[in-house]
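[1] quick one, fold the following:
(chains A and B)
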Amino acid sequence: MSELLTVEDLTIGFHDADPVVEKVSFSVRSGETLALVGESGSGKTLSCRAVLRILPRAARIRSGRITLNGSAGRTVLTALSERRMRAIRGDAVSMIFQEPMRSLSPLHRIGNQVIEVLNLHGDQGTKAARKQVLDTFERVGFPDPERAYNAYPFEMSGGMRQRAMIAMAMVAKPEVLIADEPTTALDVTTQAQVLGLIKDLQRDTGMAVILVTHDLGVVANMAQHVVVMNKGRVMESGPAPLVLGDPAHGYTRKLFAAAPAIPQVANPAPAPSHHDLILDIRGVSKTYTMRGASWKAGATVQACRGIDLKVPRGKTLAIVGESGSGKTTCARIALGAELPDPGGEVVFAPEAGGPTIAVHAMDRAARTAFQRKAQMVFQDPYSSLSPRMRVVDALTEPLEIHRIGNRRDRRDKAAEMLAMVGLKRDMLYRYPHAFSGGQRQRLSIARALTLDPALLVCDEPTSALDVSVQEQILTLLEEIRDRVGLSYLFISHDLAVVARIADEVAVMRQGLVVEQAPPDTLFHSPRHPYTKALIAAQPTPDIARPIDLRLVSQGAGAPSSWPEAFRFSETAVPALAELAPGHKVRCHV
Amino acid sequence: MTILRYAIYRFLTMLLTLVVVSVMVFVIINLPPGDYLSNQINELRATGQSQGVAQAEFLRTEYALDRPLWEQYLIWVGFAPGPNGFSGLLQGDFGWSFEFDQPVADIVGGALWMTVLVNLSAVLFVYMVALPLGVIAAARSKTWVDYTAAFVGYLGLATPNFLLALILFYYGNKYFNLPIGGLMDPAFEGEPMSWEKVKSVLVHMIVPTFVIGTSGAAAMMQRLRANLLDELGKPYVETAQAKGLSPSRMLTKYPLRMAFNPFVADIGNLLPAMVSGSVLVSVVLGLQTIGPALLAALKSQDQFLAGFVLMFVALLTLVGTMISDVLLVLLDPRIRYGARET
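    The predicted model follows:
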């Protein structure tokens, strides 16, 4: 079989600067999947967008040839007029994007946005087009295609929106589908299902897929061929089993080492001890009243229900769950940023054997003292640092607020903190924009540490970062914890990330802790269907361990679809039962 | 049907707001000590003209100015019977202007409609100019088209309205033989409506519309451009491109639709800004709008005239915001289904 799409010696640059993509070549055949792998800034996204010639305004294709050898004959895409290129887009070659939340227009119905593709490229009547759209909706897994047709994007979950995007890309039966990080913004279980869908569609239609991703686990599950890119150049390319099984290039090996994976565990861990707690969350629930439109009554939402969690001093407790599971609400309540419903309380013990603080009954002075001892690291280092403050100002501000030391002391402390997170002293006088994502997250960690806190709440501290950077940040967090005896409350949606750092993991779903155990115990013998689904959905960079979609769909559905013993509803919730020492599961025993 | 329910709901809240506004207007007008008549009586007494005093005293009881303030308010609005039964704003009796010695309705009657006419045409002008210019400036951002539009816009923003009015009058009259001042040829004043009269009014409107609308149009153009540029960077624009849409259809169907929200939301703000902004212009241009009448009434504590004009402006504002709110709900499904979103 011959190559369907060939990219040869592609070079792309902005203005007159050095090229950001240099002499990149790859090709893909019908029915095959090619993965472009790399970290942010590697040029993988630009390379794949160049195929459709949808590039940022300042970017130019300087040289190279892109050829489509499809059913309509041989076409050199790089030489086409803009007008004829438009006939290719969405028809022979279509694309799905990273953020389903923002890639659909919020003001137009899904059906309208999808049928537009057929109106542009097809010549069938409205009725036939509508039928074809509905068929495609059914194919991508909408339970009620008619309803989806008339729905607006904001009425759907992220996974459903990505299905709508896929439907939009598939509706004209393209020969090549370009998927630019199609699942990065989705929860793991949703990611597994969407990947499964793309694979199924490919099997049905025989299209070629170019998959852009940073996740080697996704590659192992999807691709026949792999191209590894770094800094605009191809580092290594070849058949997936070869590249993944025995990476030849140093950069590929580095990516492998950094890729988080759920370890295969031989034995469950011993039960963690719960004496000398630094943070004790007791019976905390949180109910939000949604402010309805002004002419309707508001509805209530239970963000978390009856949470009991304990963080022993010097240890890490991780809360894992999908978006909307209530994990961030927990963290906010633990820090006193949010008041729990009556009945719940949070007790904080800054020093072993010392006096304790009830976090939600503090006066002004107690609150200031508490804030010195409990700090937070946020998810997005790009928006959590003020772009108008120099690093030194950002780092000394907490000290100023708490009136610690004089100017000189504060600056020395800031420099010391920079050294602690692995940055250089001369960076003190720069602004945040001069730093990469990983460096910025180091800065936020430094900022959180300047007050010498005892407890650090980390809210998805690595999910906005590249894998290799994520690995460095996790190592840094572990180092600091062991050096200064910090305790962490670590929030994440990624089991593989917490696998290495956590001493105990609480898995949350719909506001409830469904399973709680040390990570090794969880990975060795997960009991709850949702935990099993989370573990199964985690893509592993190993071709021999593909995602088990059956396990995923069993556990990731609504609680009412779980086996009888685990089911819960709004009103009837089984208790957390300790099935083995240190291993609690929410089930009817 | 949600939309109908919303419109009704919005209308009811508007009425409620109007009541609150009427209380405030009335209280504020009565804040300075005394009223027009008691001032006059004091003056007459001081100069010893006693028969004038009797007439003023009569007017005071006639218009219930001798009663407590809250009663005066209720009578003024028409919630309570006055000396002559129910006759307040609600019943269509706008009161008596002491300054001009005429019923308020007679003074503002014609001016009212002229005000609405001038300001509506200014609003139309704003939208008709700002929409195409803003879109072109955004679509061709950072080219000479954009820079020229911005330059003209800033010029419009920076020039004082009355100055612009004088300049336009001079050159409009010199080169295009446009009439100076007034809203119609003096020959038509008091005449019944006729085709000729309408034509005269239209010709007279050209300069005022331009003068009152320019700064608003310039501001709105810049806002639309900025909004549109923001929208053009959003991922859904890429999605539309990847479908194979042509740039112009893509622009009008997606980003423009999104950038339209602030545009529509401005209707409510535009109306009052123009009414109050056009007072000075009206004085300079000699337009018979209610602007100059309001100025005179406020100066001389002519409370019924001032109260009526203020209420009228408030009504315009409230109707404007109501229209933009209902339009927003029609335009944006996220607002329409807001309650369903979780």
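
[2] please make it C-alpha for all contacts and neighbour counts, starting now.
    Noted.

[3] which residues does the closest residue to B:Ala105 other than its chain neighbours contact?
    Beyond its immediate neighbours in the sequence, the residue positioned closest to B:Ala105 (Cα to Cα, 6 or more residues apart in numbering or on different chains) is B:Phe94, lying 6.0 Å away. With contacts taken as Cα atoms under 8 Å, 6 or more residues apart in numbering or on different chains, B:Phe94 has the following neighbours: B:88, B:103-105, B:304-305, B:308.

[4] then A:Ala59?
    Taking Cα under 8 Å, 6+ apart, one finds A:12-15 in contact with A:Ala59.

[5] for the worst-scoring helix or strand of chain A on mean pLDDT, enumerate the helices and strands it packs against.
    Taking mean pLDDT, DSSP states H and E as the measure, the helix or strand of chain A with the lowest value is helix A:549-556, at a mean of 85. Packing partners of helix A:549-556 (3 or more Cα pairs under 8 Å, 6 or more residues apart in numbering or on different chains; DSSP states H and E): helix A:188-205, helix A:529-537.

[6] so what secondary structure elements neighbour the shortest one?
    Under the contact criterion of 3+ Cα pairs under 8 Å, 6+ apart, helix A:529-537 touches helix A:188-205, helix A:549-556.

[7] before we move on, the earlier item: want to try a markdown table for the helices and strands packed on helix A:549-556, with mean neighbour count and mean pLDDT as columns?
    Formatted as a markdown table, these follow (neighbours: other Cα atoms under 10 Å in any protein chain shown; pLDDT from 0 to 100):
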| stretch | mean neighbour count | mean pLDDT |
| --- | --- | --- |
| helix A:188-205 | 19 | 90 |
| helix A:529-537 | 25 | 92 |
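
[8] correct me if wrong: A:Leu456 contacts A:Leu486.
    Yes: in this structure A:Leu456 lies within contact range of A:Leu486 using Cα atoms under 8 Å: 7.1 Å.

[9] OK, contacts around residue 308?
    Since no chain was named, I'll use chain A. The contact partners of A:Asp308, taken as Cα under 8 Å, 6+ apart, are A:280-284.

[10] other chain: chain B
    For B:Phe308, the set of contacting residues under the criterion of Cα under 8 Å, 6+ apart consists of B:94, B:104.

[11] residue 248: how many residues sit nearby?
    Went with chain A since none was named. If you count neighbours by other Cα atoms under 10 Å in any protein chain shown, A:Ala248 ends up with 14.

[12] meant chain B actually
    By other Cα under 10 Å, neighbour count at B:Ser248 equals 9.

[13] show the pLDDT at it.
    At B:Ser248 the predicted local confidence, pLDDT, stands at 88.

[14] please apply the same query to A:Ser294.
    Confidence per residue is given as pLDDT, and for A:Ser294 that number is 50.

[15] tell me where the stretch 51-200 of chain B has helices.
    Assigned helices in the stretch 51-200 of chain B, in chain order: B:69-77, B:104-139, B:144-158, B:161-176, B:195-232 (criterion: DSSP state H, counting those that start in this stretch).

[16] is it possible to get CSV of the ones you listed that adds mean pLDDT?
    Compiled in CSV, those are given as follows (pLDDT from 0 to 100):
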stretch, mean pLDDT
helix B:69-77, 86
helix B:104-139, 84
helix B:144-158, 86
helix B:161-176, 82
helix B:195-232, 85
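
[17] turn these into CSV, columns for mean neighbour count.
    Rendered in CSV, the data for the helices of the stretch 51-200 of chain B read as follows (neighbours: other Cα atoms under 10 Å in any protein chain shown):
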stretch, mean neighbour count
helix B:69-77, 19
helix B:104-139, 19
helix B:144-158, 16
helix B:161-176, 16
helix B:195-232, 20
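
[18] mind putting these in JSON lines, distance to B:Tyr9 included?
    Listed next are the helices of the stretch 51-200 of chain B as JSON lines, based on distance: least, Cα to Cα, whole Å:
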{"stretch": "helix B:69-77", "distance to B:Tyr9": "23"}
{"stretch": "helix B:104-139", "distance to B:Tyr9": "25"}
{"stretch": "helix B:144-158", "distance to B:Tyr9": "37"}
{"stretch": "helix B:161-176", "distance to B:Tyr9": "38"}
{"stretch": "helix B:195-232", "distance to B:Tyr9": "29"}
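
[19] for the record, mean pLDDT for the helix or strand encompassing A:Ala257?
    Under DSSP states H and E, the secondary-structure element containing A:Ala257 is helix A:250-258. Mean pLDDT, helix A:250-258: 89.

[20] with only the CA atoms kept, save the helix or strand that it is followed by in CSV.
    Moving toward the C-terminus from helix A:250-258, the first helix or strand encountered (DSSP H and E) is strand A:277-289. Extracted as CSV, the C-alpha positions of strand A:277-289 are listed here (Å, rounded to 0.1, in the frame of the first residue of the first chain):
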residue,chain,number,x,y,z
LEU,A,277,-2.1,14.2,62.8
ILE,A,278,-1.3,17.6,61.3
LEU,A,279,-4.7,17.9,59.6
ASP,A,280,-7.9,16.2,60.6
ILE,A,281,-10.9,16.7,58.4
ARG,A,282,-14.0,15.4,60.3
GLY,A,283,-17.4,14.8,58.7
VAL,A,284,-17.1,17.7,56.2
SER,A,285,-19.9,18.2,53.7
LYS,A,286,-20.4,21.2,51.4
THR,A,287,-23.6,22.1,49.7
TYR,A,288,-23.7,24.9,47.1
THR,A,289,-26.9,26.6,46.1
